[in-house]
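In: What follows is a protein structure lacking sequence information:
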(Lines give C-alpha, C1' and ligand atoms only; values in the text may rest on other atoms or scores of the structure.)
Protein backbone atom coordinates (compact mmCIF):
# COMPACT_ATOMS: atom_id res chain seq x y z
CA UNK A 1 0.00 0.00 0.00
CA UNK A 2 1.35 3.41 -0.98
CA UNK A 3 1.97 5.98 1.77
CA UNK A 4 -0.54 8.85 1.29
CA UNK A 5 1.73 11.25 3.22
CA UNK A 6 4.82 12.94 1.72
CA UNK A 7 7.10 11.47 4.42
CA UNK A 8 8.10 8.29 6.22
CA UNK A 9 7.77 8.41 10.00
CA UNK A 10 9.61 6.48 12.70
CA UNK A 11 8.31 6.76 16.29
CA UNK A 12 11.01 7.04 18.97
CA UNK A 13 8.53 7.39 21.87
CA UNK A 14 4.87 8.33 22.30
CA UNK A 15 5.78 12.04 21.90
CA UNK A 16 8.82 11.98 19.59
CA UNK A 17 9.14 10.91 15.97
CA UNK A 18 11.53 11.31 13.07
CA UNK A 19 10.07 12.29 9.71
CA UNK A 20 12.03 11.79 6.52
CA UNK A 21 11.18 13.62 3.32
CA UNK A 22 12.77 12.48 0.05
CA UNK A 23 14.65 14.93 -2.15
CA UNK A 24 12.09 14.35 -4.91
CA UNK A 25 9.02 15.01 -2.73
CA UNK A 26 6.36 16.70 -4.85
CA UNK A 27 6.13 20.33 -3.67
CA UNK A 28 2.34 20.20 -4.09
CA UNK A 29 2.22 17.58 -1.31
CA UNK A 30 3.80 20.02 1.16
CA UNK A 31 0.53 21.76 1.91
CA UNK A 32 -0.35 24.48 4.40
CA UNK A 33 -1.67 22.85 7.55
CA UNK A 34 -1.95 23.21 11.31
CA UNK A 35 -1.48 20.70 14.12
CA UNK A 36 -3.68 19.73 17.06
CA UNK A 37 -0.89 20.19 19.64
CA UNK A 38 2.16 22.35 20.28
CA UNK A 39 5.31 20.83 18.85
CA UNK A 40 8.97 21.53 18.30
CA UNK A 41 10.76 20.55 15.11
CA UNK A 42 14.51 20.38 14.69
CA UNK A 43 17.12 18.96 12.37
CA UNK A 44 20.70 18.07 13.19
CA UNK A 45 21.87 18.43 9.60
CA UNK A 46 22.46 21.38 7.31
CA UNK A 47 19.62 21.63 4.82
CA UNK A 48 18.28 24.02 2.21
CA UNK A 49 14.69 23.09 3.05
CA UNK A 50 12.74 25.97 4.55
CA UNK A 51 9.91 26.41 7.04
CA UNK A 52 7.17 29.02 6.70
CA UNK A 53 4.53 30.30 9.12
CA UNK A 54 1.40 31.90 7.63
CA UNK A 55 1.97 35.60 6.80
CA UNK A 56 5.74 35.26 7.40
CA UNK A 57 8.70 34.90 5.07
CA UNK A 58 10.23 31.42 4.69
CA UNK A 59 13.10 30.72 7.07
CA UNK A 60 15.92 28.18 7.08
CA UNK A 61 15.37 25.18 9.34
CA UNK A 62 18.06 25.87 11.93
CA UNK A 63 17.96 24.78 15.55
CA UNK A 64 14.53 24.34 17.11
CA UNK A 65 11.29 25.82 15.77
CA UNK A 66 8.28 26.01 18.09
CA UNK A 67 4.93 25.51 16.35
CA UNK A 68 1.90 26.37 18.47
CA UNK A 69 -1.37 24.44 18.21
CA UNK A 70 -3.47 25.88 15.38
CA UNK A 71 -0.63 27.85 13.70
CA UNK A 72 -0.73 27.49 9.92
CA UNK A 73 2.62 26.47 8.46
CA UNK A 74 4.34 24.49 5.70
CA UNK A 75 7.67 23.11 4.54
CA UNK A 76 9.35 24.27 1.34
CA UNK A 77 11.34 21.55 -0.42
CA UNK A 78 15.08 21.74 -0.73
CA UNK A 79 17.49 19.83 -2.96
CA UNK A 80 18.33 16.92 -0.65
CA UNK A 81 16.54 14.62 1.77
CA UNK A 82 15.23 16.14 5.01
CA UNK A 83 15.09 14.41 8.37
CA UNK A 84 13.37 16.27 11.19
CA UNK A 85 12.75 15.34 14.80
CA UNK A 86 9.26 16.26 16.03
CA UNK A 87 8.58 16.56 19.74
CA UNK A 88 4.91 16.89 20.68
CA UNK A 89 4.44 19.01 23.79
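Out: Looks like it arrived, so ask away. As the structure is a prediction and not an experimental result, all values here were calculated from the model.
In: so where is this protein shaky, pLDDT-wise?
Out: 1-3 (pLDDT under 70).
In: Tell me which stretches of the protein form strands.
Out: 8-11, 16-21, 39-42, 50-53, 59-60, 64-67, 73-76, 82-88 (DSSP state E).
In: Nearest to residue 28, out of these?
Out: Minimum separation from residue 28 across those (CB to CB) falls at strand 73-76, 11.2 Å. Quick note: C-beta positions are derived from backbone N, CA and C, even for glycine.
In: list the buried ones in that closest one?
Out: Residues of strand 73-76 classed as buried under the neighbour-count rule (16 or more other CB atoms under 10 Å) are 73, 75.
In: Residue numbering should commence at 25 henceforth.
Out: Yep, numbering from 25; the last one is strand 97-100 now.
In: Next, format the strands of the chain as CSV and append distance to residue 51.
Out: Formatted as CSV, the strands of the chain follow (distance: least, CB to CB, whole Å):
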stretch, distance to residue 51
strand 32-35, 18
strand 40-45, 11
strand 63-66, 18
strand 74-77, 12
strand 83-84, 17
strand 88-91, 20
strand 97-100, 8
strand 106-112, 13
